[in-house]
Every structure is written in C-alpha cells, then in structure tokens.
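*Asks:* Need the 3D shape of this:
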Amino acid sequence: MSEKIYSLLLLVLYFSTGQSFSQEKEINPPYNIKTVTFVQNNQNVIPIFRLNDGFQFQFDDLYGDEANYFYTLTHCDYDWKPSQLSKAEYIDGFDDQRIQSHINSFNTLQLYTHYNVSLPNKFTRFRVSGNYVLKILNNDKEVVFSRKFILWEDLVSVPMQVKRARNVNEIEYKQNLDFSIRSQNIQFQSPLQNVKVLLMKNGQFQDAITNVKPMYTIGNDLIYKYDTETQFWAGNEFLFFDNKDIRGANNSISRVDAKEIYNSHLFTNNARANVPYTFFPDVNGNFVVRNLNAEDNTVEADYSWVFFSLSAPAYFGKDDIYITGMFNNYALTPEYKMDYNKEKGIYEKALMVKQGFVNYQYTIANKNGKIDNQNAIDGNFYQTENNYFAIVYYRENGQRYDRIIGKGIASSVDIIN
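*Replies:* Numbers count the residues shown, from 1 in each chain. Have a look, this model is predicted:
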C-alpha cells in the first residue's frame with residue numbers, strides 16, 4: 001500500500017470516529033445542580049492534577065431523586081479542541097460510566113442528592129497528560145453540564161516571580177509574571193513552535209493568557225521576561241460570608257430568617273475601586289462547605305438563600321454585574337446577574353448557596369461575556385494577594401497531542417519591583 005493511500009485511509013478513519021474540531025467550552029449546569037467542585041485531600045481545589053494522582057468530582061442535585069448520572073472524558077489539545085487521540089489512547093478502561101456513589105442529604109431543610117466520582121478508578125484510568133473535559137450526562141445521554149481539568153507530568157521546572165508592572169501608568173494596578181522553563185530530561189525541539197504556556201490567575205480559565213512564546217532561549221532554558229504580554233490586572237481581595245452556623249448573624253450576615261429554607265441577608269457591599277487598599281486574608285475565590293453542628297458536611301450542610309446587595313451607583317446603565325467565585329465556577333449566567341433596585345439605588349441578587357465559608361467577587365461583563373477587569377467594581381491594587389499558575393505544553397515533532405510537561409506556581413505575596 002502506498003504512503004499516500006495509507007495517509008488517506010487514516011484521515012477517513014479519523015473523521016469516521018465522529019471527533020469534532022470545534023472548541024470544547026464548559027457547559028454551565030442547570031438550576032438544580034449546585035456546588036460543583038473538584039476535591040483533593042478533602043478540600044475544594046483548582047482542577048490541576050499530577051497525572052495518576054487521585055481526585056474526586058462532586059456535585060449536588062437539588063431534586064434529591066437519586067437520578068442516574070454518567071460521566072465521559074474528552075482529551076483536548078492546547079486550544080481545547082478535541083485531540084487526534086482515540087479514546088483508547090488516552091483512557092485505560094472505559095468512561096461513560098454511571099456515577100455509583102450518591103447519597104441523600106440528612107437533617108436539612110433543602111433536600112438534595114450528593115454525587116461523588118473518584119478518578120482514576122477501577123473503570124477509568126488516564127494514560128496521557130493534557131487538557132480534559134469531564135461531561136456529566138443524564139439517562140438520555142444528554143450533556144447536563146461539563147467542567148475542564150488539567151493533568152500534568154513533572155518533567156520540567158518552572159521558576160516564577162511576580163513583579164510590578166514596568167509601565168508607570170499601570171504600576172499601581174497590574175502584576176507581571178517573569179518565568180522560565182528548564183529541563184534536564186527533555187531536549188526541546190523547535191521550542192518557539194512546540195512549547196506553549198497557559199497563564200492563570202487564581203485558576204480562572206475565563207481570563208487566562210495564552211499563546212505567549214519564549215522571549216529568548218539560553219541553551220535548553222526558555223526565558224519569558226515580557227513587560228506587557230504576561231500581565232494581569234491585580235484586582236482586589238475577595239469578599240466573603242460565613243454561615244456555618246446557618247441560624248445566626250455575624251460580621252458578614254446582617255440577619256437570618258427562615259421560610260421553606262433559611263435566608264441569609266448579607267450587609268450591603270460598597271464599591272471599593274476608589275477606596276485605599278486594605279489587606280484581609282481570603283482563599284482566592286475558594287469556598288469551604290461546613291455545618292458547625294455536622295459530622296459529614298457533604299450531606300449535612302444545608303442550603304440557604306443568600307441575599308447580596310451592592311452599592312455602586314456609578315455603574316448603573318453600564319455593563320452587567322455578576323456575583324462570581326469558585327462556588328459557581330465564575331459563571332456569567334442570568335442566575336448570577338444582579339438586578340438594579342431603583343428605589344434603593346443598589347444592585348441586588350439572591351442565590352441559593354451551600355452553607356459554609358464562601359469567597360465571592362463582583363464581576364463586570366458585557367453582553368458577550370467579556371470581562372472588564374480594568375474597570376473592576378472593587379478596583380485593581382498591586383498589593384492584592386493572588387496565586388498564579390503557568391501550565392507548560394509540549395508537542396514533539398510528529399506527536400499527535402499536546403502533552404503537559406510541568407507547571408509553575410507563584411504568589412504575589414512575594415511581589416518585587
């Protein structure tokens with residue numbers, strides 16, 4: 001068989017597998033699905049895991065009817081388009097498995113079923129690193145929602161340093177990343193084309209920086225020392241509320257009442273963009289499910305209506321304002337968009353949230369979902385404590401997928417000029 005005919009047959013086979021070249025995007029869950037999170041060592045985490053390390057994927061269904069859900073996995077390239085690999089090449093075993101671990105809530109006003117799938121498991125094990133999309137399907141094999149996660153291999157070191165912006169006009173508002181990629185295991189082939197990085201602030205995919213090439217190389221080391229290409233708006237510390245004692249008011253909750261379920265009314269937040277920066281510890285958007293009187297928080301923590309209010313009159317009539325955090329995957333959906341109360345002159349929204357400690361922020365976005373970080377409600381301050389991630393992708397000449405060969409982490413606590 002000639003090489004030309006063989007290549008044509010491979011191409012036909014590839015298209016016959018039903019793979020799509022369209023970019024995979026996260027599908028936000030419907031109203032009844034809440035508290036979707038990746039868990040490792042009993043903590044909610046940003047979904048970046050070392051290949052073959054164990055983790056869990058958990059969520060609640062407020063219908064509480066023990067419905068059947070299934071999961072599938074899609075391996076993607078750097079740009080989140082499905083890779084050329086067949087399922088057997090990136091999974092050892094099978095996906096499309098029913099989630100067998102589920103349990104109904106106990107002693108809560110809001111009934112829900114808690115689902116938990118551990119990965120890898122006896123049915124599904126990962127063969128390669130890379131970008132993955134986890135899809136949750138219902139009994140009719142329709143996609144209910146999906147989440148991105150990353151598996152990486154420890155083959156390179158990625159020393160990173162957070163620095164202040166070099167542009168005088170932005171030095172007070174932005175944070176810049178200096179980093180390099182070093183390896184004694186890999187001799188990089190055409191690094192300007194074959195090595196790619198993904199830069200994220202606090203693990204947020206929505207405003208990640210991509211397609212930054214090395215500024216220069218020193219031997220086998222790749223150096224990134226840009227002035228603007230690797231800059232992020234610094235933002236401000238996250239706001240928080242804590243209703244682990246769901247029946248009591250505290251310094252973040254002004255009052256509590258109960259109807260069908262508990263209602264937690266937060267104190268009104270004021271826009272902080274024109275207020276001097278004040279440090280107070282946060283968990284960079286994360287949340288901790290907790291019921292003060294529970295033994296098993298996953299099923300004994302209750303849900304409550306949390307009433308948010310924001311005084312930001314200068315933003316009325318401009319772009320939409322959303323309440324975001326890891327508790328809702330920073331989703332810019334109508335469920336989390338605030339409404340303007342003309343009589344009170346404030347923005348308001350009530351969200352159903354699982355009790356515990358929750359970081360949140362107010363996000364400005366236009367109708368197309370483009371986030372306006374420059375004009376953030378709470379401003380941008382270079383002193384803000386943020387965690388940054390650099391994910392390193394590498395595709396050798398002739399390789400058919402983007403392998404993730406390392407990651408770097410840096411905190412702006414150590415920011416330098």
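*Asks:* which stretches of the stretch 51-200 of the chain form strands?
*Replies:* Counting by DSSP state E, counting those that start in this stretch, the segments of the stretch 51-200 of the chain that form strands are 55-61, 70-76, 91-93, 97-98, 101-104, 113-119, 124-126, 130-137, 143-152, 160-164, 174-181, 195-201.
*Asks:* would you list those strands in CSV and tack on distance to Ile48 and mean pLDDT?
*Replies:* Heads up, the C-betas are built off the backbone N, CA and C, glycines and all. Output for the strands of the stretch 51-200 of the chain, formatted as CSV (distance: least, C-beta to C-beta, whole Å; pLDDT from 0 to 100):
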stretch, distance to Ile48, mean pLDDT
strand 55-61, 10, 98
strand 70-76, 15, 97
strand 91-93, 19, 93
strand 97-98, 23, 94
strand 101-104, 23, 96
strand 113-119, 14, 97
strand 124-126, 14, 95
strand 130-137, 11, 97
strand 143-152, 5, 97
strand 160-164, 14, 96
strand 174-181, 16, 96
strand 195-201, 9, 97
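*Asks:* mind checking which of these is nearest Trp233?
*Replies:* Closest approach to Trp233 among the strands of the stretch 51-200 of the chain (C-beta to C-beta): strand 174-181, 5.9 Å.
*Asks:* Tell me which other helices or strands the closest one touches.
*Replies:* The contact analysis (3 or more C-beta pairs under 8 Å, 6 or more residues apart in numbering; DSSP states H and E) places strand 174-181 against strand 160-164, strand 195-201, strand 221-224, strand 231-233, strand 387-394, strand 403-411.
*Asks:* Distance to Thr298 and mean neighbour count added to the ones you listed, as JSON lines?
*Replies:* Listed next are these as JSON lines, based on distance: least, C-beta to C-beta, whole Å; neighbours: other C-beta atoms under 10 Å:
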{"stretch": "strand 160-164", "distance to Thr298": "34", "mean neighbour count": "20"}
{"stretch": "strand 195-201", "distance to Thr298": "27", "mean neighbour count": "22"}
{"stretch": "strand 221-224", "distance to Thr298": "41", "mean neighbour count": "19"}
{"stretch": "strand 231-233", "distance to Thr298": "33", "mean neighbour count": "22"}
{"stretch": "strand 387-394", "distance to Thr298": "25", "mean neighbour count": "23"}
{"stretch": "strand 403-411", "distance to Thr298": "28", "mean neighbour count": "20"}
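*Asks:* Quick check: which of these is nearest to Phe357?
*Replies:* Closest among the helices and strands packed on strand 174-181, once you apply C-beta to C-beta, is strand 387-394, at 17.5 Å.
*Asks:* For that closest one, which outside residues touch it?
*Replies:* For strand 387-394, the surrounding residues in contact (C-beta atoms under 8 Å, 6 or more residues apart in numbering) are 46, 48, 78, 130, 150, 152, 156, 158, 160, 162, 175, 177, 179, 181, 186, 188, 194-203, 232, 284, 402-412.
*Asks:* I'd like the strands of the stretch 51-200 of the chain laid out as a markdown table, including distance to Phe280.
*Replies:* Below are those laid out as a markdown table (distance: least, C-beta to C-beta, whole Å):
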| stretch | distance to Phe280 |
| --- | --- |
| strand 55-61 | 29 |
| strand 70-76 | 38 |
| strand 91-93 | 44 |
| strand 97-98 | 43 |
| strand 101-104 | 36 |
| strand 113-119 | 32 |
| strand 124-126 | 39 |
| strand 130-137 | 34 |
| strand 143-152 | 30 |
| strand 160-164 | 19 |
| strand 174-181 | 18 |
| strand 195-201 | 19 |
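*Asks:* Go through stretch 339-357 and flag the buried ones.
*Replies:* Buried residues in stretch 339-357, defined by neighbour count with 16 or more other C-beta atoms under 10 Å: 340, 346-347, 349, 351-357.
*Asks:* Just give the closest residue to Pro30, not the sequence neighbours.
*Replies:* Val144 (6.7 Å; C-beta to C-beta, 6 or more residues apart in numbering).
*Asks:* these two touch, right, that neighbour and Ile33?
*Replies:* Yes - Val144 is within contact range of Ile33, at 6.7 Å (criterion: C-beta atoms under 8 Å).
*Asks:* hmm, back to that, between the helices and strands packed on strand 174-181, which gets nearest to Gly54?
*Replies:* Comparing the helices and strands packed on strand 174-181 by C-beta to C-beta, strand 403-411 comes nearest, at 17.7 Å.
*Asks:* for that closest one, packing partners?
*Replies:* Counting contacts by 3+ C-beta pairs under 8 Å, 6+ apart, strand 403-411 is packed against strand 130-137, strand 143-152, strand 160-164, strand 174-181, strand 387-394.
*Asks:* Show me the helices in the protein, by range?
*Replies:* Remark: helices assigned in the chain by DSSP state H are 3-16, 87-90, 191-194, 297-300.
*Asks:* comparing those, which gets the lowest mean pLDDT score?
*Replies:* Here the lowest mean pLDDT among the helices of the chain goes to helix 3-16, at a mean of 46.
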